[in-house]
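> Turn this into a structure:
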Amino acid sequence: MTPLFPALRASLLAVALVTVATSAGADTPAHERLTAIAHAYIDAVAGDDPIVATALGLPGADGKLPIASEAARAARIARLRAWKADVDAVAAATTSLGDTNDARLLRAEFDSALNELLVREGDRKDYAGPSLRLVGTLFVQFLHLPVVGRDDARQADVDRAWDDIVARLEQGPAFIVAGQRMVTRPGRLFGTVGSRRIAGAPDFLAGALSEAATAQLARRPDVLARFIAGRDRTLATMAETRAFIDANVAAWPDNHVIGKAAYEQILREEQLLPFDAADIERMARDELAHGWAEEAWLRSVSAHRRIPFGAASGGGMAPGGPALVGYYRDRIAELHAFVREHDVVTLPDWLGAMEIVETPAFLQPVSPGASMRAPRRFAKATTGYYFITPPTSLAEAAERLDMNQDFDRDRIWSTAAHEAMPGHFLQLSIARRHPNFVRRILDDGCLAEGWAFYGEEMFVRLGLYGDDLDARLFTARWERVRGVRAIVDPKLASGEWTTAQAVDFFVAQSGFTRSAAEAAVDGMALEPGGVISYTVGRFQLQTLLAEYLVRTGERGSLRDFHDRLLSYGAVPFAVLGPELLADLDKPASAVRAAANY
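Sure thing, here's the model as predicted:
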């Protein structure tokens, strides 16, 4: 391999020359102008697209849906270009590292939105997209239904939440049809995956959502009747959508490939990465090889000890049925205690709770394993949601050492460490409190996934699993999965590989079943540049940790580094790294305080 990616090393070392103020929250004229641009952006986006407002937790828009049109699309493009020009004008006059970085962050946000509309053009290709957006936003509203007495919620809040859901169901058919009119070049893969996902929509709309409505709207029969009528019309429109896709998808082109130039534009402009696709493949192949080596060593230990992989060397089998949710809850509590006892990172007293929820059917075709939804950016509630897909048979999952169905204690610990504690839930809960509005509205995948992935091996090294073997094998195999993803992703995006080639490679190298590999590859093909965040993020984090240790010597510590790492918002390492190193003269407590952490 070439030397340690000189561009990344240089970007970290450059902060030694920084002599200007580094605070990302200083009240400079540039900071005020950038904050005003960020507010204007969020206000406009949330106003134009109430689904975004719901996702962010902004009040007042949950009963509305946007009606797509060519005029609205053109107006959004014009506004994004104007905001980008405004940011460039501010950037030319910035004098602090914090303001310079905030300008870079906003420019990357606008570049991402423009590239989605003008380069990738998902809204032109995804005929199922409007239906899935509607199901997705209704699911968010369902998750966050008020409970009387919790977070000061009253019955009026519950009634208003249901009024909003009913209003969206009533607007649903018009929303779906308007969105479909924008799809001028429907794509085959978008259609086949979308059809499978729409097939799961009745499971939620006519299942859990309807059960909740029946119970909570019993005292409001007129609203319940509107709910049923709106639901049925929306489901009928989705059924028509699916029938149309299934009848026509074979004739649609495979237009998910964006090309190498567009892919590297994502890396450079949107993710602020100092790497190209070749760099990422080198990282990924190193990761893949290391995962295989780890497995070879562990197989040797297993044979020598005569202890098989699986529940026997993984803390025992998890319970099936209703007891599984409580079992997950207990394992997360144990992780919380381990983090505190081993001084891994500061856990704030204000940290919210995490609910364990079964993955809804409409998400399972592209998310076969566990996942997490953090508290919404601007919502009052601090609850996160950890989605699990319970195995149809724990014994069968254990027999095949399934990678997506956690069947024993240690595998549940490992996945929960990634998703919950101290992974996504902790990191994103801290990021949403950042006082700098620019930092608060962002969500960088490389930091989020790099932090969570890094934590998986860290817990092995810190002794969470003792001498047990199964979690160590699980960790090694997931390292292979991340390497495989980062090899496959650029090859799919550039068109170098077909989805069939990618699935074959995934099955051979990852340990996934073929159906899980197909779901993973479909997700990658439709969202290029996403899954590399695990590999790239962990690499950047470990490179930053190395530089931190060089500079701090004996006074440095894991907790000190982690506390600092989580104190700059959910931002790319190109921003986070220089700021963290420039602030090493400050105690970590002061850095945390500046981040409201």
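
> What's the separation between the residue nearest to the spatial centre of the chain and residue 206?
Most central residue of the chain, judged by C-alpha distance to the mean C-alpha position with C-alpha atoms, centre = their mean, is residue 445 at 6.4 Å. Taking C-beta to C-beta, to the nearest Å as the measure, residue 445 falls 33 Å from residue 206. Every residue, glycine included, has its C-beta placed from N, CA and C.

> wait, is residue 519 part of a strand?
No. Membership of residue 519 in a strand is not supported by DSSP: H, G, I helix; E, B strand; the rest coil, which gives helix.

> Count the residues that sit near it.
Residue 519 has 22 neighbours, counted by other C-beta atoms under 10 Å.

> What score does it have for pLDDT?
Per-residue confidence (pLDDT) for residue 519: 90.

> Could you pull up the residues touching residue 28?
Shown in contact with residue 28 (C-beta atoms under 8 Å, 6 or more residues apart in numbering): 95, 96, 99.

> Buried ones among those residues?
The neighbour-count test (16 or more other C-beta atoms under 10 Å) applied to those identifies 96, 99 as buried.

> could the contacts of residue 28 go into TSV alongside pLDDT, distance to residue 536 and secondary structure?
As requested, the contacts of residue 28 are exported to TSV (pLDDT from 0 to 100; distance: C-beta to C-beta, whole Å; DSSP: H, G, I helix; E, B strand; the rest coil):
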residue	pLDDT	distance to residue 536	secondary structure
95	89	30	coil
96	93	27	coil
99	96	26	helix
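
> Reformat the contacts of residue 28 as CSV; add distance to residue 490.
Shown next, in CSV, are these (distance: C-beta to C-beta, whole Å):
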residue, distance to residue 490
95, 37
96, 35
99, 33
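
> For the stretch 351-500 of the chain, just list every one of the helices.
394-399, 409-419, 424-431, 437-440, 445-462, 470-494, 499-510 (DSSP state H, counting those that start in this stretch).

> what helices or strands is the first one leaning on?
So the one you mean is helix 394-399. Contacting helix 394-399 under the criterion 3 or more C-beta pairs under 8 Å, 6 or more residues apart in numbering; DSSP states H and E is no other helix or strand.

> Excluding covalently adjacent residues, which one is nearest to residue 308?
Leaving aside its chain neighbours, residue 308 sits nearest to residue 302 (6.6 Å; criterion: C-beta to C-beta, 6 or more residues apart in numbering).

> right, I mislabeled it, should have said residue 314
Leaving aside its sequence neighbours, residue 314 sits nearest to residue 470 (C-beta to C-beta, 6+ apart; 3.1 Å).

> residue contacts, that neighbour?
For residue 470, counting by C-beta under 8 Å, 6+ apart, the contacting residues are 309, 310, 311, 312, 313, 314, 315, 408, 410, 411.

> check contacts around the fourth one.
Yep, that's residue 312 we're talking about. Applying C-beta under 8 Å, 6+ apart, we find residue 312 in contact with residue 470.

> just the first one next, same as before
For residue 309, the contact set (C-beta under 8 Å, 6+ apart) comprises 298, 302, 401, 469, 470, 473.

> are any of the residues you listed buried, and which?
In terms of neighbour count (16+ other C-beta under 10 Å), the buried residues within the contacts of residue 309 are 298, 302, 401, 469, 470, 473.

> quick one: buried residues of stretch 540-558?
Neighbour-count burial for stretch 540-558, counted by 16+ other C-beta under 10 Å, picks out 540, 541, 543, 544, 545, 547, 548.

> before we move on, what about stretch 467-486?
By neighbour count on 16+ other C-beta under 10 Å, the buried set for stretch 467-486 is 468-486.

> What helix or strand is the residue lying farthest from the centre of the chain located in?
With C-alpha atoms, centre = their mean as the measure, the chain has its most outlying C-alpha, relative to the mean C-alpha position, at residue 304: 39.9 Å. Counting by DSSP states H and E, the secondary-structure element that holds residue 304 is helix 277-305.

> what helices or strands is that helix leaning on?
Partner elements for helix 277-305 (3+ C-beta pairs under 8 Å, 6+ apart): helix 260-265, helix 470-494, helix 532-552.

> about what we covered before: now do the contacts for the residue farthest from the centre of the chain.
Residue 304 is in contact with no residue at all, counting by C-beta under 8 Å, 6+ apart.

> Roughly how far does it sit from residue 310?
Residue 304 sits 17 Å away from residue 310, going by C-beta to C-beta.

> ok, now residue 46?
Applying C-beta to C-beta, one obtains 48 Å for the distance of residue 46 from residue 310.

> Just the closest of the buried residues of stretch 540-558 to residue 390, please.
The shortest gap between residue 390 and any of those belongs to residue 541, at 31.7 Å (C-beta to C-beta).

> what about the closest residue to that closest one other than its chain neighbours, how many neighbours?
For residue 541, ignoring the flanking residues on the chain, the nearest one in space by C-beta to C-beta, 6+ apart is residue 450 at 4.7 Å. With neighbours defined by other C-beta under 10 Å, the count for residue 450 comes to 25.

> and what of residue 232?
Using other C-beta under 10 Å, residue 232 is surrounded by 13 other residues.

> Going forward, count from 6.
In the new numbering, first residue 6, that becomes residue 237.

> Remind me what the strand or helix carrying residue 233 packs against, helices and strands.
With secondary structure defined by DSSP H and E, residue 233 is part of helix 226-253. Using 3+ C-beta pairs under 8 Å, 6+ apart as the contact test, the elements touching helix 226-253 are helix 134-148, helix 160-186, helix 193-204, helix 206-208, helix 214-221.

> right, and those helices - which one's nearest residue 427?
Of all these, helix 134-148 sits nearest to residue 427, with 22.6 Å by C-beta to C-beta.

> Any buried residues in the closest one, and which?
For helix 134-148, by 16+ other C-beta under 10 Å, it's 134-147.

> Stretch 350-365 now?
Taking 16+ other C-beta under 10 Å as the basis for neighbour counts, the residues of stretch 350-365 that come out buried are 350, 351, 356, 359, 361, 364, 365.

> Just the endpoints, please. Distance across that stretch?
For stretch 350-365, the first-to-last residue distance is 32 Å (C-alpha to C-alpha, to the nearest Å).

> ditto for stretch 313-327
The first-to-last residue distance of stretch 313-327 comes to 28 Å (C-alpha to C-alpha).

> Then stretch 437-444?
Taking C-alpha to C-alpha, the span from the opening residue of stretch 437-444 to its closing residue is 8 Å.

> Can you tell me what sits against that stretch?
29-30, 39-40, 43-44, 107, 110-111, 379-383, 436, 445, 573-576, 599-602.

> Restricted to buried residues, select these in PyMOL.
Applying 16+ other C-beta under 10 Å to the contacts of stretch 437-444, the buried members can be selected in PyMOL as follows:
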select buried, resi 29+30+39+40+43+107+110+111+379+380+381+382+383+436+445+573+574+575+576+599+600+601+602
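
> still on that earlier bit, hmm, residue 545 and the residue nearest to the centre of the chain touching each other?
No. Applying C-beta atoms under 8 Å, one finds residue 450 not in contact with residue 545, separated by 11.8 Å.

> List the buried residues of the helix or strand hosting residue 333.
Residue 333 belongs to helix 328-346 when assigned by DSSP H and E. For helix 328-346, burial by neighbour count (16+ other C-beta under 10 Å) applies to 329, 330, 333, 336, 337, 340, 341, 343, 344.

> Tell me how far the last one lies from residue 388.
So the one you mean is residue 344. As judged by C-beta to C-beta, residue 344 and residue 388 stand 19 Å apart.

> Isn't residue 459 up against residue 546?
Yes. Taking C-beta under 8 Å as the definition, residue 459 is a contact partner of residue 546 at 5.2 Å.

> which neighbours do these two share?
Taking C-beta under 8 Å, 6+ apart as the contact criterion, no residue touches both residue 459 and residue 546.
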